[in-house]
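> Prediction below, plus the sequence it came from.
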Amino acid sequence: MKVSKLAANLIGSEIVKIGNEVNDLKAKGAEIANLTIGDLNSNLYPIPALLKEEIQKAYQNNLTNYPPANGLLSLRKEVSKDLKNRWNLDYSPNDILITAGSRPLIYAVYKTIVDEGDKVVYPTPSWNNNHYAYLTSADAVEVKTTPENNFLPTADDLRPHLGGAVLLALCSPLNPTGTMFTREQLSDICELVLEENKKRGEDEKPLYLMYDQIYSNLTFGAEHVDPVSLFPELKEYTIYIDGISKCLAATGVRVGWGFGPAHILDKMKALLTHVGAWAPKPEQEATAKFYENPENVNVFVEDFKGKLEESLKVLHGGIQDLKGKGLAVESIEPMGALYLTIRLDYIGKTKPDGSVIENSSDLVFYLINDAGVALVPFSAFGEAKSEPWFRASVGGLAVDEIKVMLPKLENALNNLK
């Protein structure tokens, strides 16, 4: 049966494919250390108790009709205050758009800025930019990054590609790597964006910068930096992506916010009214109440990120121990988010059954079946399947489960010849 060309050529999520395999095996009784999902085990990491109480109260008070298209004013006011207090960013409630998590915001940024054939630039690995570029029929320019630069693009990497581009998509802390821009790295890139926009005529679209900082509160000693704080003149070109999904362990609560130039945010709002992508009204009301006291956020975040950091340190230390034993592995010290970047240099090796690990997907499914360990290859984030790099998310496992998993990983890798 015929469908649209867009639907016919849409590529499914590799992460979902791996997740389905894990769930099938678990249903059959297998024990799998699931390091794939950029999500949280809500029994290990429940949302703040006060936030839960306020959500329940909002439902009891029958706040179950449509919210305003751009979000409750009470929440937009609290977000505006938080941006000022936390990052010294000045955005009025009218410059803020509330949606059901950050995905609708990213989609709306693309749809608002990008026409068919417009050039969009983003680094690889990065989360889902390849899919959003496809959905907008963009001319996607993927800029390959290196482990030496923590898989973050440098100004030199980007410079050859920004001419004529309408959107540069960046994320820090980065999904999938858990690494972050330094002040110097981001400053150099911001200067490029400003230089490019000075070349544009009045009838040309500017080069806009989408800056995804959904993990900005989950940093481990490293300084989070953002474009407008570094260069206030970038305010007219920068659209931020943020929300509570990660910092409040509230992935399923679905409250995100974007902020940026009013003329872009207004069009995003108009677009999303036709999609119905607003966050549920009770959750918005509860988030506004929770943010009324900044200490509610600070106390929860400090405890939560401390637990994530401990898990990441255990996993990173375990990989380094394997490296010390002579295994062909490496990991990059995490700076933020809930991810560890791991290199497993076993592509081309032979499995015990005599078959060959031909690419990163083969290695993923071998480890699921033979080690009970599930990772996501960087091919899910725009890299080639020949790359031996993987994302490990610690949000779904307790520290003890990570410790139990490491010897199983070691044994499975040692069985490859």
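Here it is on my side, so go on.

> from here on, contacts and neighbour counts on C-alpha atoms
Noted.

> which stretches of the stretch 1-150 of the chain form strands?
33-34, 96-99, 119-124, 139-144 (DSSP state E, counting those that start in this stretch).

> neighbouring strands for the first one, and are they parallel or not?
Each strand that pairs with strand 33-34, with its direction, by DSSP bridges: strand 373-374 (parallel).

> Return the distance of the helix or strand that the partner strand is followed by from the chain's centre.
Towards the C-terminus, the helix or strand next in line after strand 373-374, according to DSSP states H and E, is strand 376-377. For strand 376-377, the separation from the chain centroid amounts to 14 Å (computed by Cα atoms, centre = their mean, to the nearest Å).

> going forward can the numbers begin at 447, since that is how I track them
All right, first residue 447 from here; so that's strand 822-823.

> Mind giving me the packing neighbours of strand 822-823?
On a contact count with 3 or more Cα pairs under 8 Å, 6 or more residues apart in numbering; DSSP states H and E, strand 822-823 meets helix 806-817, strand 835-839.

> same thing but at 6 Å, please
In terms of contacts (3 or more Cα pairs under 6 Å, 6 or more residues apart in numbering; DSSP states H and E), strand 822-823 is packed against strand 835-839.

> Show me the one of the strands of the stretch 447-596 of the chain that comes nearest Gly763.
Nearest of those to Gly763, taken as Cα to Cα: strand 479-480 at 17.0 Å.

> Give me the contacts around that closest one.
With Cα atoms under 6 Å, 6 or more residues apart in numbering as the contact definition, strand 479-480 has outside contacts at Gly818, Val819, Ala820.

> If you rank the residues you listed by neighbours, which is first?
For the contacts of strand 479-480, neighbours were counted by other Cα atoms under 10 Å; the highest total belongs to Ala820, with 27 neighbours.

> State the distance from that residue to Asn531.
Ala820 sits 39 Å away from Asn531, taking Cα to Cα, to the nearest Å as the criterion.

> how many other residues sit next to Thr600?
Number of residues near Thr600 (other Cα under 10 Å) recorded here: 19.

> What does the pLDDT read for it?
In this prediction, Thr600 carries a pLDDT score of 98.

> Just give the nearest non-adjacent residue to it, would you?
Gln631 (6.3 Å; Cα to Cα, 6 or more residues apart in numbering).

> Repeat that for Tyr578.
For Tyr578, the spatially nearest residue (Cα to Cα, 6+ apart) is Tyr553, at 6.3 Å.

> mind listing the helices for the stretch 697-846 of the chain?
Per DSSP state H, counting those that start in this stretch, the stretch 697-846 of the chain has helices spanning 708-719, 727-737, 740-770, 806-817, 845-860. These are given in chain order.

> wait, I meant the stretch 447-596 of the chain
Taking DSSP H, counting those that start in this stretch as the criterion, the stretch 447-596 of the chain carries its helices at 451-455, 460-473, 495-506, 519-533, 549-559, 575-581.

> Only the buried residues of the last one, if you could.
What it means is helix 575-581. Residues of helix 575-581 classed as buried: Asn575, Asn576, His577, Tyr578, Ala579, Tyr580, Leu581 (neighbour count, 16 or more other Cα atoms under 10 Å).

> Could you pull out the buried residues of the worst-scoring helix or strand of the chain on mean pLDDT?
Of all helical and strand segments in the chain, the minimum by mean pLDDT, DSSP states H and E falls on helix 460-473, at a mean of 85. By neighbour count, and taking 16+ other Cα under 10 Å as the criterion, the buried residues in helix 460-473 are Glu460, Ile461, Ile464, Gly465, Val468, Leu471.

> Tell me the one of the residues you listed nearest Ala708?
Nearest to Ala708 among those: Ile461, at 34.6 Å, using Cα to Cα.

> Which neighbouring elements make contact with the least confident helix or strand of the chain?
When contacts are defined as 3+ Cα pairs under 6 Å, 6+ apart, helix 460-473 packs onto no helix or strand at all.

> thinking again about what came up before, lowest average pLDDT across the helices of the stretch 447-596 of the chain?
Looking over the helices of the stretch 447-596 of the chain, mean pLDDT reaches its minimum on helix 460-473, with a mean of 85.

> okay, the angle between that helix and helix 806-817?
Taking axes from the mean of the first three to the mean of the last three Cα atoms, to 10 degrees, helix 460-473 and helix 806-817 form an angle of 20 degrees between their directions.
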